[in-house]
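Engineer: Here is my input, please return the structure:
(one chain, ligands or ions: 1)
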Amino acid sequence: MKTIDLIQPCQNTACEQKWYVFDNSTKPKCPFCATSHKGRLPILNLYSSRRVGSFMPDNHRLMVYSNQSLFMWHVNRLITPNERLDDRHKKRVGYFVEHNGIWYLVNENMPDLRDVDTNVDIPQGSKVELVDGLKILLSREEGGRLVHVQMAEGV
Ligand SMILES: [Zn+2]
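Structural biologist: Below you'll find the predicted structure:
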């Protein structure tokens, strides 16, 4: 799962690989055709609660691309995407879109979504602009995650 979440589409339409795994550098670049990513690229660093009010890094990152989905196993560390996954956890709960160079997370089914620095709720059906340093709580439940947004700058 962690590797799948680092996958990024190559912007070179002629690239034979189409997708590559982000190498955690600050300048994303396809290792197959050497095409650098153009534009800004959000990277989500996942944290989860071990006890109330305390968040620990999960050493798990999610690379964002257009129409990339957010699932329950990103929202809560106690949910694992395997064959025993409950049907109600298989549907995406949000997705990412880019519009005029600005990246947004659209909240489809995360009742607790909230900007934790401003304490502003992000209701279902609305979206939040992804900016460097933004911290969003995905779930208040046990195992619920918090994401710290980092913006990588392409060429
Ligand atoms: Zn490529």
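
Engineer: What's the end-to-end length of stretch 48-65?
Structural biologist: For stretch 48-65, the first-to-last residue distance is 23 Å (Cα to Cα, to the nearest Å).

Engineer: near the ion, which residues of the chain show up?
Structural biologist: Residues of the chain lying close to the ion (Cβ under 5 Å from the ion) are C10, N12, C15, C30, F32, C33, T35. Where you see a C-beta, it was placed from the backbone N, CA and C, and this is true even at glycine.

Engineer: Buried members of those residues into ChimeraX, please.
Structural biologist: Here is the ChimeraX selection string for the buried members of the residues of the chain next to the ion, based on 16 or more other Cβ atoms under 10 Å:
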select :10,15,30,35
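
Engineer: now for the top strand by length along the chain, which elements pack on it?
Structural biologist: Across the chain, the longest stretch assigned as strand under DSSP state E is strand 40-51. When contacts are defined as 3 or more Cβ pairs under 8 Å, 6 or more residues apart in numbering; DSSP states H and E, strand 40-51 sits against strand 54-63, strand 145-153.

Engineer: surely D117 meets K135?
Structural biologist: Yes - the pair D117 and K135 passes the contact test of Cβ atoms under 8 Å, sitting 5.7 Å apart.

Engineer: All set, thanks.
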